[in-house]
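**Student:** Pasting the sequence and the predicted model now:
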Amino acid sequence: MNHLELIRKVEWKDLRTLSVKEILIENNISLPWFFISILLAYYEYYWLALPFSGFYFLTALRQVHNGFHNALGTGKFLTWLSLYLNSILMIASIHAVKFNHIRHHKFCLSEEDYEGKSASMKWYEAVLYGPKHMFLIHWITFKKANKKYKRNMLAELVSIAVFAFIVFYFQIYFLIYHVLIMFLGEFLMAFFAVWTVHHDTHETPNIARTQRSSWKNKLTFSMFYHMEHHLFPAVPTIKLPELAERIDKKLPELHRKQTF
């Protein structure tokens, strides 16, 4: 059974609709973690700030990832604004990441899938590949994207440069901490966001790895329901647990590889 046949067996279209509460959650889920991490860094509690910075990066990734698939429940401008602001805070052009992510769904784990390159590596190779991965994401956008993507990427990169210049020129230490930690997060993307969910799945690339442990999914904010996401990319992250239950009920024979 291929992934198109799987899609036809599961009801999912109703899951695209978000309530007002769900819209507020998906569009603001990263903010508490950001403000707590910045507050702790401001008072120089850097080690205490570190896990909150990590959760900010994870939840911001969830937020922009939903934005990639128009699954935030908001209009085009607010979705664009979310991607733009998180570009500055995450220290990477999120529109460049979006361009490559949409291609990742289209060309999953093929030669044209630049986002997915690390999936075929050993885990430690994927970690070491991280800096090249982030450079490649921006370079491929520059080479292959349309003018709109390029304009958005340029606007984001200029904004990031201005932000970083102000932070380092005026030696705003708690923001220097934030910038450095975000760089670290970006460099680990090839491992955490690609390798963990796609390694050893090349035979069935659209059947990505997933996670069924309740506490692990709570800890990772449902970001490892990746098989579900690849089969139904229009479904917002907040609805993926319900989607997983439907898949398990409708297709109990489906082989699911775990992420971790």
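**Tutor:** Perfect, thanks for sending it.
**Student:** residues in contact with the most centrally placed residue in the chain?
**Tutor:** Centroid check for the chain by Cα atoms, centre = their mean gives residue 61 as the closest residue, at 3.8 Å. For residue 61, the contact set (Cβ atoms under 8 Å, 6 or more residues apart in numbering) comprises 90, 193, 223. For glycine as for every other residue, the C-beta is placed from the backbone atoms N, C-alpha and C.
**Student:** quick one, helices of the stretch 1-150 of the chain?
**Tutor:** Assigned by DSSP state H, counting those that start in this stretch, the helices in the stretch 1-150 of the chain fall at 3-9, 20-28, 31-42, 46-68, 76-90, 94-106, 123-144, 147-169.
**Student:** Could you work out which of those helices reaches nearest to residue 113?
**Tutor:** Closest to residue 113 of those is helix 94-106 (Cβ to Cβ; 5.2 Å).
**Student:** Convert that closest one to CSV, retaining C-alpha atoms only.
**Tutor:** This file holds the C-alpha atoms of helix 94-106, laid out as CSV (Å, rounded to 0.1, in the frame of the first residue of the first chain):
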residue,chain,number,x,y,z
ILE,A,94,12.7,31.0,7.8
HIS,A,95,11.5,31.6,4.3
ALA,A,96,14.6,29.9,3.0
VAL,A,97,13.8,27.0,5.4
LYS,A,98,10.2,27.0,4.1
PHE,A,99,11.3,26.9,0.4
ASN,A,100,13.5,23.8,1.1
HIS,A,101,10.9,22.2,3.3
ILE,A,102,8.2,22.4,0.6
ARG,A,103,10.7,20.8,-1.8
HIS,A,104,11.4,18.2,0.9
HIS,A,105,7.8,17.1,0.7
LYS,A,106,7.7,17.1,-3.0
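**Student:** what's the average pLDDT for it?
**Tutor:** What helix 94-106 shows for mean pLDDT is 97.
**Student:** Can you tell me the element residue 242 falls in?
**Tutor:** Element membership for residue 242, per DSSP states H and E: helix 240-250.
**Student:** Other residues contacting that helix?
**Tutor:** 6, 9-12, 15, 210, 212, 217, 222, 225, 227-229, 231-232, 235, 254.
**Student:** What residues sit buried inside it?
**Tutor:** Using 16 or more other Cβ atoms under 10 Å as the test for burial, helix 240-250 gives 240, 243-244, 246-247.
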